[in-house]
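Asks: What follows is a protein structure lacking sequence information:
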C-alpha cells in the first residue's frame, strides 16, 4: 500500500504538506505531493501532512482527514482566556472520599495521550491505581523507602523532611497521597531517550485536563522517587526490567474550591542575540 494518497480533485498543489513534513519526505512533482525516495522507512506517522492540508486532499495509509478532529475557531482561546486557564490550575491536596467514575479518568488519559513525543514514538504507558486500598498499600512501600533513606542516607532524608512524613503516616495521616482515592502513573521504556520528556508532557496534559472534568490532581513526587529507587515498589507495580516510572499523579474530587490566582516571581530570562 502507498504511504499516502492524494485526491487530485481536491489538491491545489500549494505544497504546504511538503513544507510542514518534519521528516522532509514529501516532494512536489507536477504540482502534486509525492513520496520521496525511502519515505516509507522514514515516515513517523505524525499526521502533520493530513492535519495541515486546508483541502483535506492527502491521506496517509494509516490516517484519513475524516478520522481527525476538526480545528474549530469556536474553541479558540484568547491570550487572556489561556492565561486564566493555565494560572487557575492548582495542586490539589485535599480530596473528598468519593471515588472518581472511571469514565472521567479514561477521558483525561485519552486527551493527554495526544501530547507530543520525540520522533512520535508515543512511549507513554499509563497505569491507573484505582482501588483506594491498593493505593494505600503501595504508599506503604513509599514509607518503607523513606525509612530506609532515614537510616542509610540521613542527610538527604533530612532535607526532604522524611522523618516528619513517616511520623505523620504512623499517626494515621495520608502523608503520601493526601487522601486522594486514585493514583495515575506514566511508565515507559528506560532505554528510549525520549521517554522521560514524553511522560512529563503527557502527565502535564493530564493535569490540565482534569479540572475541566470537575477533578483535581497533584504531582506525587514522593511516590515517583520511591518508584525509581525502591525495588519492592517496582515489583508491586509489576514494572518489567526495562520499564520505569516517570511520573505519578494523585487525583480525585477536590474538597475545596480556589478563588484567586497568586502571582509568581518575575521570570528570569537570558536573551541571546
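Replies: Looks like it arrived, so ask away. This structure is a prediction, so every number in the text was calculated from the model and none was measured. Numbering: from 1, shown residues only.
Asks: all contacts plus neighbour counts: C-alpha atoms, from now on.
Replies: Noted.
Asks: what about residue 143, distance to residue 83?
Replies: Residue 143 sits 38 Å away from residue 83 when distances are taken as C-alpha to C-alpha, to the nearest Å.
Asks: Who has more neighbours out of the two?
Replies: In this comparison of residue 143 against residue 83, neighbours counted by other C-alpha atoms under 10 Å, the higher total goes to residue 143 at 23 against 11.
Asks: Please list all residues in contact with the closest residue to the more buried one other than its chain neighbours.
Replies: With C-alpha to C-alpha, 6 or more residues apart in numbering as the measure, residue 166 is the residue that lies nearest to residue 143, at 6.3 Å, once sequence neighbours are left out. If a contact means C-alpha atoms under 8 Å, 6 or more residues apart in numbering, then residue 166 has 143, 146-147, 175 as its contacts.
Asks: Let's see that with 10 Å instead.
Replies: Under the criterion of C-alpha atoms under 10 Å, 6 or more residues apart in numbering, the neighbours of residue 166 are 140, 142-144, 146-147, 150, 172-176.
Asks: just the buried members of those?
Replies: When burial is judged by neighbour count using 16 or more other C-alpha atoms under 10 Å, the buried members of these are 140, 142-144, 146-147, 150, 174-176.
Asks: Just the ones of those in helices?
Replies: The helices, defined by DSSP state H, take in 140, 142-144, 146-147, 150 from these.
Asks: And the residues you listed, which two are furthest apart?
Replies: For those, the maximum inter-member distance is 15.3 Å, found between 140 and 150 (C-alpha to C-alpha).
Asks: one step back: please read off the pLDDT at the residue nearest to residue 143 from the model.
Replies: Listed pLDDT for residue 166 reads 98.
Asks: how much space is there between it and residue 154?
Replies: Residue 166 is 14 Å from residue 154, where distance means C-alpha to C-alpha.
Asks: between those two, what contacts are shared?
Replies: With C-alpha under 10 Å, 6+ apart, residue 166 and residue 154 have common neighbours residue 147.
Asks: got the end-to-end distance for stretch 118-128?
Replies: 24 Å.
Asks: One more: stretch 3-14?
Replies: 20 Å.
Asks: follow-up on the earlier one: now the residue nearest to residue 143, what are its backbone angles?
Replies: Note on residue 166: its backbone torsions stand at phi -70, psi -40 [degrees, to the nearest 10].
Asks: Next one: it from residue 232, what distance?
Replies: Noted for residue 166: a distance of 18 Å to residue 232, by C-alpha to C-alpha.
Asks: try residue 51
Replies: For residue 51, the distance to residue 232 (C-alpha to C-alpha) stands at 45 Å.
Asks: How about residue 148?
Replies: Summarising the geometry, the distance separating residue 148 from residue 232, computed by C-alpha to C-alpha, is 12 Å.
Asks: what do the two both touch?
Replies: Taking C-alpha under 10 Å, 6+ apart as the contact criterion, the residues that touch both residue 148 and residue 232 are residue 142.
Asks: What segments of the stretch 151-273 of the chain are helices?
Replies: Along the stretch 151-273 of the chain, the stretches classed as helices by DSSP state H, counting those that start in this stretch are 154-159, 162-170, 195-209, 221-229, 231-237.
Asks: What are the contacting residues of the first one?
Replies: Put plainly, it is helix 154-159. Outside helix 154-159, the residues that touch it by C-alpha under 10 Å, 6+ apart are 146-151, 160-164.
Asks: okay, those in JSON lines with distance to residue 214 next?
Replies: As requested, those are exported to JSON lines (distance: C-alpha to C-alpha, whole Å):
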{"residue": "146", "distance to residue 214": "33"}
{"residue": "147", "distance to residue 214": "36"}
{"residue": "148", "distance to residue 214": "38"}
{"residue": "149", "distance to residue 214": "37"}
{"residue": "150", "distance to residue 214": "38"}
{"residue": "151", "distance to residue 214": "41"}
{"residue": "160", "distance to residue 214": "31"}
{"residue": "161", "distance to residue 214": "32"}
{"residue": "162", "distance to residue 214": "32"}
{"residue": "163", "distance to residue 214": "34"}
{"residue": "164", "distance to residue 214": "32"}
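Asks: just the buried members of these?
Replies: For the contacts of helix 154-159, burial is judged from neighbour counts taken by 16+ other C-alpha under 10 Å, and it is met by 146-147, 149-150, 162-163.
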